[in-house]
Structure formats: structure tokens, C-alpha cells
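Enquirer: here's my sequence, what's the structure:
(chains A, B and C)
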Amino acid sequence: MPLLLLKVQGRPIHLGWLVTLRSLPAFFTRLSSDDSLARPENECLLRNLRMLGVDLKMARKRQPGVLRKSVTNEHGLVRFLQDKGASQAMIASIISRFPRSITRTEDHLKERWSLWRSIFQSDSEIISILHRSPESFFRSSDNDNLEMNIVFLSSIGIEAKDLHRLLTTAPRTFSNSVELNRQMVEFLEDVCISLGGAHPNQFAKAIISRNAYILIRSTKRVKANIEFLQVSLKLSDSELLNLLQGHGAEILDLSHENLKRNFSTLQDKLLMLGCGENDTRRLILTYSQVLFVSPARISNKLDCLTKAGIQVKQILHKPKVLDFSVENLRWRLNELSKIDYDFGKSGINILDTSRKRFEAKLEKLSACEE
DNA sequence: CCTACCGGGCTCTGCCATGACG
DNA sequence: CGTCATGGCAGAGCCCGGTAGG
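Expert: Numbers count the residues shown, from 1 in each chain, chains lettered A, B, ... in the order given. Presented below is the predicted three-dimensional model:
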């Protein structure tokens, strides 16, 4: 309501009149939500950022408030990152994607960097992660929490090698509050105990080292997935325990809905191919990654293999063939059909090899034929 | 030498919602 | 209210090669 405002501004404000005004709160709401009166962007800052090649549109969309700040440290940040070996383009991209990075002080940056360096051997490793995911490095301003995370994860027996992998592959883990990480670890330990496991800390450690992403999942999701697996596969406690510390650790990543969907479509598909519930169960126990494959994909792969004359039983016995892309499988099947390869007689192991080995084998087989 | 078995490598961010705080 | 920090979500596989054991 600019008109009203002008009038008010143009006269000496009469306190008694203002206070008795019934719409006072609404007036102030309008006052602050009026675009023309909102705190303006810092023109000087905008100029600086433009000079640096920052994508202002992107920055504005992500964290508009930063552009209105009067005190920022973009020059310090640029100097700092340049010193660590980042290119201009990298820095511009980092700021564009996570503008708040320019609010971090020199001291803060130094301290955070040295904490990361306690895990990484080189600056360039860190730079590449920063470039990949600026948010992972800059989202939290709490260096003490970062340090406590490192201490905590070490204390539960995560070794340097795994710590390194964790920070490389799931850097967000280290921006979680140490409490959140502790909750997940304790949750995993509780799962182990409730399943009758004897070594809860070993169990939690095993899952974390098998699945670097586990600590950036919610316990809600992980819990739902574990319960679903036990019920739908009718697993005994010890079977579930083994699955989880084995390949099953990765299934916990799936969104719960996707896990359910992938499971039921896989089961339906196998049913149509003449398999029973037990076959599904065994397949998942021996090759749980199958649950990662989307319905259309898995269906495609199975069709592709069975149409080439391969028995479903053979696939269930050698599920790793499902690891390969449909394109790859198709190509291999085609090559094999050219030399009249008989899967019934020779088995399907030939499909489960690296391309190099497959080609070598293929060459030998064709030579034999001639 | 060959194969079957197995483990490991890559890499997963960018967005939104919410609560704390001033 | 604006801003920051933090939690949580959606999206959805493929490939290589060491090596033990024949």
C-alpha cells in the first residue's frame, strides 16, 4: 500500500493515532512484503559476482538472501579456492550453485579445509568434491560438529580408508549433526540386537562400510525397508542379519516405495515365467542388487535372455548376468547366435564376464568352428 | 591355461520444508 | 518477517579383473 505509506511518511507521525489504528499489524505486514520496499540487493556485490562469472539468475533462485547482504567475503573465498588450485570457472560455478559460500570467513574456511585435509591426501581431491557438490562443503558453518563427526566415526571403528570413501562418496554425512549420525548408528546396532546378533558394533560398521550412503538416509526409510524385507521375504532373524551385512546393505538406500514396487513387479514377472515365491526369495538372497533394477529394465532383461533360449532356472542360478545392460546382453546374445552357441549344453557363464574376456572367448569359439 | 567365483570401482546431488533465531 | 542451518527426499546399474582351484 504505497499510497498510504507516502502519506504517513509525509507527515509527522502521531503516536496516539497509530496505536489506535486497528489494522496496525496488517499495515506492517504489507509494509514489509511490498517488493518495492524489500531490502534491495547489494549492487556492489552483484558487480563483484558478475565479474567473477557467477550465474546471478541461478544464485538468486537458490539463495536470494545472500545477494542482499551488505558484508560478504567473495574475494576472500576466491583467493582461498584459487590458492587450493581451483579454476575461475570452478569457483564461479561453486558460488552460483551455493551462494552462501561467500559468507564464510577466512578463518572458517581455513579451519574447515584443514579438517577435510585430515582425511584427504591432497587439496585437489577436495576441490573436485567441492566442484561436484558445493553444498556438501559449505552447507554447514559448524566446524566443531564436523570435527566431532570425524571423531565419532573413528570411535566406532570406521577406518581411515572407509572414512576417506565416506567423505568422497557421501560428503553430506559430515554435515549431518553428529547427533543424527549417532542416531543412525544406534538404530543399526539396535536392529542387530533385536535380530539376535552378537556384535552390534561390527554390524553397524559392516553396513556403513558396505553402503557409504547409509548415514545420509533417514532412519525412517531404513527401518521401513528392513521391516519390508523381513516380512515380504519371510526371513528368519539370522537370514535378515546376514542379508543386511552382505549385499543387502545397499537395498536400504532405495526409497521405500521403490523397494516395494521393484519387489512386487519382480515377483509378478517371475511368476509369469513359471517361478514360485521361493525362487524370488532365493534370487534376492543371493543377488539382492536385483531389487535396484527398475521394473521395465528387469522385465526387459529377463525377456531378452529367455527369448534367446535361456531357461529361467539358469538365470536364477547365475543371477549376475542380470548385472549387465540390456544393450550389452543383446549384443552378446547376437554374437553367440552367430556361432550357434547352445546355452542348454554350454551354460550361460559366458555372459558373466568382462567384455575383454568375452571377446577373447568368442574369438576362440569362432576359430574352433572353422 | 582356463573358468567360476567373488569383490570392488564408479559415485549421489540439488532441491524443498521446517525450525531456530534475531 | 528474513535468513540460516539442517533433515529429508527423488532418481534408479554396469562393468572389470584378481585369484583359487581345476
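Enquirer: how much space between A:Leu365 and A:Asp323?
Expert: For A:Leu365, the distance to A:Asp323 (C-beta to C-beta, to the nearest Å) stands at 22 Å. Using the backbone N, CA and C atoms, a C-beta is placed for each residue, glycine as well.
Enquirer: kindly apply the preceding question to A:Ile156 instead.
Expert: Taking C-beta to C-beta as the measure, A:Ile156 falls 32 Å from A:Asp323.
Enquirer: dump the residue contacts of the closest residue to DNA strand B within the stretch 151-300 of chain A.
Expert: Closest contact between the stretch 151-300 of chain A and DNA strand B, by C-beta to the nearest atom of the strand, is at A:Thr169 (4.1 Å). Applying C-beta atoms under 8 Å, 6 or more residues apart in numbering, we find A:Thr169 in contact with A:Ala212, A:Tyr213.
Enquirer: same deal with A:Lys69?
Expert: Counting by C-beta under 8 Å, 6+ apart, A:Lys69 touches A:Asn42, A:Leu45, A:Thr103.
Enquirer: pull out the buried positions in the helix or strand harbouring the second one.
Expert: Assessed by DSSP states H and E, A:Leu45 sits inside helix A:43-52. Residues A:Leu45, A:Asn48, A:Leu49, A:Leu52 are the ones in helix A:43-52 that count as buried (16 or more other C-beta atoms under 10 Å).
Enquirer: so what's the closest residue to the first one other than its chain neighbours scoring on pLDDT?
Expert: With C-beta to C-beta, 6 or more residues apart in numbering as the measure, A:Thr72 is the residue that lies nearest to A:Leu45, at 5.8 Å, once sequence neighbours are left out. Here, the pLDDT recorded for A:Thr72 equals 95.
Enquirer: do you know how far A:Thr72 is from A:Arg100?
Expert: 10 Å.
Enquirer: need the overlap of contacts for these two.
Expert: Common neighbours of A:Thr72 and A:Arg100, counting by C-beta under 8 Å, 6+ apart, are A:Val66.
Enquirer: ok, which residues in the stretch 201-350 of chain A are in contact with DNA strand B?
Expert: Those residues of the stretch 201-350 of chain A that sit near DNA strand B, judged by C-beta under 7 Å from any atom of the strand, are A:Ala212, A:Tyr213, A:Ile216, A:Asp253, A:Lys318, A:Lys320, A:Asp323, A:Gly347, A:Asn349, A:Ile350.
Enquirer: so for stretch A:195-205, mean pLDDT?
Expert: For stretch A:195-205, mean pLDDT is 93.
Enquirer: wait, A:Ile216 touches A:Ala170, no?
Expert: Yes: at 5.3 Å, A:Ile216 counts as touching A:Ala170 under the criterion of C-beta atoms under 8 Å.
Enquirer: quick one: average confidence on the helix holding A:Leu45?
Expert: 95.
Enquirer: same deal with stretch A:272-282?
Expert: Mean per-residue pLDDT for stretch A:272-282: 92.
Enquirer: and that stretch, which residues are buried?
Expert: So stretch A:272-282, judged by 16+ other C-beta under 10 Å, has buried residues A:Leu273, A:Cys275, A:Asp279, A:Thr280, A:Arg281, A:Arg282.
Enquirer: endpoints of it, how far apart?
Expert: Start and end residues of stretch A:272-282 are separated by 17 Å (C-alpha to C-alpha, to the nearest Å).
Enquirer: residues contacting it, please?
Expert: Stretch A:272-282 has contacts (C-beta under 8 Å, 6+ apart) with A:Leu233, A:Lys234, A:Leu266, A:Gln267, A:Leu270, A:Leu302, A:Thr306, A:Val312, A:Leu316.
Enquirer: burial measure for A:Val326, as a count.
Expert: Using other C-beta atoms under 10 Å, A:Val326 has 16 other residues around it.
Enquirer: go on, A:Leu67?
Expert: So A:Leu67, with other C-beta under 10 Å, has 21 neighbours.
Enquirer: still on that earlier bit, can you pull the contacts of the residue nearest to A:Leu45?
Expert: By C-beta under 8 Å, 6+ apart, the residues touching A:Thr72 are A:Asn42, A:Leu45, A:Val66, A:Ile102, A:Thr103.
Enquirer: same thing with A:Pro200?
Expert: If you count contacts by C-beta under 8 Å, 6+ apart, A:Pro200 has them with A:Leu188, A:Glu189, A:Asp190, A:Cys192, A:Ile193.
Enquirer: out of the residues you listed, which sit inside strands?
Expert: Nothing among these maps onto strands, per DSSP state E.
Enquirer: make CSV out of those and add neighbour count.
Expert: Shown next, in CSV, are the contacts of A:Pro200 (neighbours: other C-beta atoms under 10 Å):
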residue, neighbour count
A:Leu188, 27
A:Glu189, 19
A:Asp190, 14
A:Cys192, 22
A:Ile193, 13
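Enquirer: which of the residues you listed sits closest to DNA strand C?
Expert: Nearest to DNA strand C out of the contacts of A:Pro200 is A:Leu188 (C-beta to the nearest atom of the strand; 14.0 Å).
Enquirer: my guess is the closest one contacts A:Asn201. True?
Expert: No: using C-beta under 8 Å, A:Leu188 is not in contact with A:Asn201, being 9.3 Å away.
Enquirer: so what's the residue count around the residue in the stretch 201-350 of chain A that DNA strand B sits nearest to?
Expert: Across the stretch 201-350 of chain A, the shortest distance to DNA strand B (C-beta to the nearest atom of the strand) belongs to A:Asn349, at 3.2 Å. Using other C-beta under 10 Å, A:Asn349 has 14 neighbouring residues.
Enquirer: before we move on, the earlier item: what is in contact with A:Leu188 and A:Asn201 at once?
Expert: Residues touching both A:Leu188 and A:Asn201 (C-beta under 8 Å, 6+ apart): there are none.
Enquirer: re earlier: determine which two of the residues of the stretch 201-350 of chain A next to DNA strand B are furthest apart.
Expert: Using C-beta to C-beta, the two most remote members of these are A:Ile216 and A:Gly347, lying 40.8 Å apart.
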